[in-house]
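Visitor: Sequence first, then the predicted structure, then my questions.
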Amino acid sequence: MSDQIGSPEPPFPIAVLVSGTGTNLQALLDIVHGREAEIVAVASNVVDAPALGRAVAHDIPTAVFSRSDYPNRQTRDEAMADWLYEHGARLIVLAGFMELLSERFLERFPRAVKNVHPSLLPDYPGMHAIEQALDHGEKRFGVTVHYVDAGVDTGEIILQESVDLPFAKDPGEVLEALRPLEHRLLPEAVRLFVSQDQLIAA
Ligand code: GRF
């Protein structure tokens, strides 16, 4: 883990990848930024992602790596990994980043890429997880934070929490119920990573 790429001094430098609204980025800004961790860079694949404004408001460097600006995904991912590494990031948090990352990217941050997903993995990986769960008649929903591997939401589970919604029919209603879980679990997973890293470095 961190011993392969060097253990930085606290607060631990992390980067966040976003594609959309950025409420999970906001939770990280509110709960761990400037405390256990320092968000040193925020990158997006979407040029006008509202999440980028949240980073700018905190004077955090941002960059956009659109897939269409590169010949292929691997080249884009290598450029993004270079930029994140140059900014000092040693943990990468996917907070609503809606594209897969190539193995080359993951190799640059071994066992140091985490994602938040709105289902109780291994159930309902991939896109439209809440819709998938509703379609299967689920009454219990949840959130998973997991390590990212080369598969689609298949990496080792770090934290998971569920909520019973026996009457839920609408994906928006489920998402609203899951938001507080996401916003608690993702910062907690960063704290866990940082404390484990400090144990290893000690
Ligand atoms: C979250 O629901 C997360 O689980 C999923 O994408 C969404 C991102 O929301 N991967 P936000 O951009 O953090 O508000």
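Guide: Done, it's in.
Visitor: residue ranges of the helices in this structure, please?
Guide: Here the chain has its helices, by DSSP state H, at 2-5, 23-31, 50-56, 73-86, 103-108, 129-135, 171-201.
Visitor: I figured Pro171 hits Ile130, correct?
Guide: Yes - counting by CB atoms under 8 Å, Ile130 is a contact partner of Pro171 at 4.6 Å. C-beta: built from backbone N, CA, C; applies to glycine.
Visitor: the more surrounded of those two?
Guide: Set Pro171 next to Ile130 and count neighbours by other CB atoms under 10 Å: Ile130 wins out with 21 against 17.
Visitor: mind listing what the more buried one touches?
Guide: Contact analysis of Ile130 by CB atoms under 8 Å, 6 or more residues apart in numbering lists Pro118, Ser119, Tyr124, Phe141, Pro171, Val174, Leu175, Leu178.
Visitor: can you check Ala133 too?
Guide: Ser119, Asp123, Tyr124, Phe141, Val174.
Visitor: burial count for the first one?
Guide: Using other CB under 10 Å, the number of residues around Ser119 comes to 24.
Visitor: Excluding chain neighbours, what is closest to Leu106?
Guide: Leaving aside its sequence neighbours, Leu106 sits nearest to Val113 (CB to CB, 6 or more residues apart in numbering; 5.9 Å).
Visitor: could you list every residue that touches the one you found?
Guide: Leu91, Ile92, Val93, Leu94, Leu101, Phe105, Leu106, Tyr147, Val148.
Visitor: what is it paired to in the beta sheet?
Guide: Val113 forms beta bridges with Ile92, as assigned by DSSP bridges.
Visitor: Tell me the spacing between it and the ligand.
Guide: Applying CB to the nearest ligand atom, to the nearest Å, the value for Val113 to the ligand is 13 Å.
Visitor: cool, and Pro125?
Guide: Per CB to the nearest ligand atom, Pro125 is found 11 Å from the ligand.
Visitor: what does the protein have sitting close to the ligand?
Guide: Applying CB under 6 Å from any ligand atom, we find that the chain lies next to the ligand at Gly20, Thr21, Gly22, Thr23, Asn24, Ala51, Ala95, Gly96, Val116, His117, Pro118, Glu182.
Visitor: hang on, the earlier thing: with respect to the helices of the chain, which exhibits the lowest mean confidence?
Guide: When the helices of the chain are compared by mean pLDDT, helix 2-5 comes last with a mean of 46.
Visitor: residues touching the nearest residue to Glu173 once chain neighbours are set aside, list them.
Guide: In space, and not counting its chain neighbours, Glu173 is closest to Leu165: 7.6 Å by CB to CB, 6+ apart. Contact partners of Leu165, counting by CB under 8 Å, 6+ apart, are Lys139, Arg140, Phe141, Glu173, Val174, Ala177.
Visitor: Would you point out which residue of this structure is nearest the ligand?
Guide: Nearest residue of the chain to the ligand, counting by CB to the nearest ligand atom: Gly96, 2.5 Å away.
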